[in-house]
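Colleague: Got a predicted structure here, sequence first:
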Amino acid sequence: VLPFEPLGQDMNDELLGLGMADAIIGRMSNLKQLAVLPTSAVSKYKGSASDPLAAGRALGVDAILSGTIQRSDDRIRATVQLVRVASGHTVWSEKFDETFTGIFDIQDTISDKVVQSLALNLTAAEQKQLAKRYTTNTGAYDEYMIALYFWNTRAKEGLEKAIDHFGRATEKDPNFALAYALMADCYYLQ
């Protein structure tokens, strides 16, 4: 799952693209039938210069999920494609338009559609895991996306900023366990 390419010029659009990929990776990585690379392995492929098929070959994966994302006021649009790396054929493609507060619905739908397009038979436990949300608070999620960006830099200054933003995320949603876990990882990396 590559970071989604932002179609706007705002830094928050870039963070939104990385955040979308991270959320989908988090949801799909718990499925035993799929091997999904972590966000840290794909974050270097963010930006419009990245060729999804070349990235897929470099990563040694069977399929690559890429997309674009744009935000305008309270609306968000994501266009997503799942492509087999060996053949270059599109397995599935779809466009999503929602209010920004519906970003979690978009992430859920993308994850569900990818699983359906790969014709996976999921257990009840895997279906439950796929439906799991780490937060429903969009403010906390915004802070989490900013923190995730800085966490991925692995630089001292970036980790300090990540800790600050993960802290803000947990203030907005005290039950946001993933934000606490990545904040702990920042302290460990320091």
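Modeller: Received it, and whenever you're ready, just let me know what you need.
Colleague: Show me the strands in this protein, by range?
Modeller: Along the chain, counting by DSSP state E, strands occupy 5-6, 63-72, 75-84, 90-99.
Colleague: Alpha carbons only: can I get the last one in CSV?
Modeller: This points to strand 90-99. Output of strand 90-99 as CSV, limited to C-alpha atoms (Å, rounded to 0.1, in the frame of the first residue of the first chain):
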residue,chain,number,x,y,z
THR,A,90,-5.6,-3.3,-12.8
VAL,A,91,-7.5,-5.7,-10.5
TRP,A,92,-9.8,-3.1,-9.0
SER,A,93,-10.3,0.6,-9.2
GLU,A,94,-12.7,3.0,-7.5
LYS,A,95,-13.4,6.6,-6.6
PHE,A,96,-14.7,7.7,-3.2
ASP,A,97,-16.3,11.1,-2.4
GLU,A,98,-17.2,11.8,1.3
THR,A,99,-17.2,14.5,3.9
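Colleague: before we move on, the earlier item: for the strands of the chain, could you give me a markdown table that also reports mean pLDDT?
Modeller: Output for the strands of the chain, formatted as a markdown table (pLDDT from 0 to 100):
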| stretch | mean pLDDT |
| --- | --- |
| strand 5-6 | 84 |
| strand 63-72 | 85 |
| strand 75-84 | 85 |
| strand 90-99 | 82 |
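Colleague: Of the ones you listed, flag the one that's most buried.
Modeller: Stretch with highest mean neighbour count among these: strand 5-6 (a mean of 22; mean count of other Cβ atoms under 10 Å). Just so you know, the C-beta spots here come from the backbone N, C-alpha and C atoms, and that holds for glycine as well.
Colleague: now for it, which elements pack on it?
Modeller: Applying 3 or more Cβ pairs under 8 Å, 6 or more residues apart in numbering; DSSP states H and E, we find strand 5-6 packed against helix 11-28, strand 63-72.
Colleague: List the contacts of the residue lying farthest from the centre of the chain.
Modeller: Here the chain reaches farthest from its C-alpha mean at S87, the gap being 24.7 Å by Cα atoms, centre = their mean. With contact set as Cβ atoms under 8 Å, 6 or more residues apart in numbering, S87 has no partners.
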